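Colleague: Prediction below, plus the sequence it came from.
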Amino acid sequence: MASTSNIDLSALAEKWSSAFVARSEIGKFTGGLISSGYLANLDSLGLGPKGRIRVGRRVAYPVSEIVKWLEARAEAL
């Protein structure tokens, strides 16, 4: 059985050059773990990362919130 633990994904934030990640870039940010379409679906259900902003037609998330969200969803196998 998989158990959840404190998984540290802060290295993702350290490698990213901006304070925000555009939804269209989430695949690049996560190394392909999450797609922009999947994230859009989760957002529509209220299950995506907090703090998202819209600039024109684009949606972006604070890097710190994406890392927290990913850590909460990650589980060690």
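Modeller: It's in. Residues are numbered from 1 along each chain as shown.

Colleague: End to end on stretch 57-76, go ahead and measure it.
Modeller: Chord length of stretch 57-76, first to last residue, is 36 Å (Cα to Cα, to the nearest Å).

Colleague: what does that stretch rub up against?
Modeller: With Cβ atoms under 8 Å, 6 or more residues apart in numbering as the test, stretch 57-76 has contacts from 2-10, 12-13, 16, 18-24, 26, 29-30, 33-34, 40, 43, 48-54. In short, each C-beta sits where N, CA and C put it, glycine included.

Colleague: What segments of the protein are strands?
Modeller: 20-22, 53-55, 58-62 (DSSP state E).

Colleague: for this structure, longest helix please?
Modeller: helix 63-73 (DSSP state H).

Colleague: What are the boundaries of the helices in the protein?
Modeller: Listed in chain order, the helices of the chain (DSSP H) span residues 10-15, 26-30, 36-44, 63-73.

Colleague: any chance of those in TSV, plus mean neighbour count and mean pLDDT?
Modeller: As requested, those are arranged in TSV below (neighbours: other Cβ atoms under 10 Å; pLDDT from 0 to 100):
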stretch	mean neighbour count	mean pLDDT
helix 10-15	12	83
helix 26-30	18	93
helix 36-44	14	97
helix 63-73	18	93
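
Colleague: Check the spacing between Leu42 and Asn6 real quick.
Modeller: Computed as Cβ to Cβ, to the nearest Å, the Leu42 to Asn6 distance reads 22 Å.

Colleague: How about Tyr38?
Modeller: For Tyr38, the distance to Asn6 equals 24 Å [Cβ to Cβ].

Colleague: now swap in Thr30 and tell me
Modeller: 19 Å.
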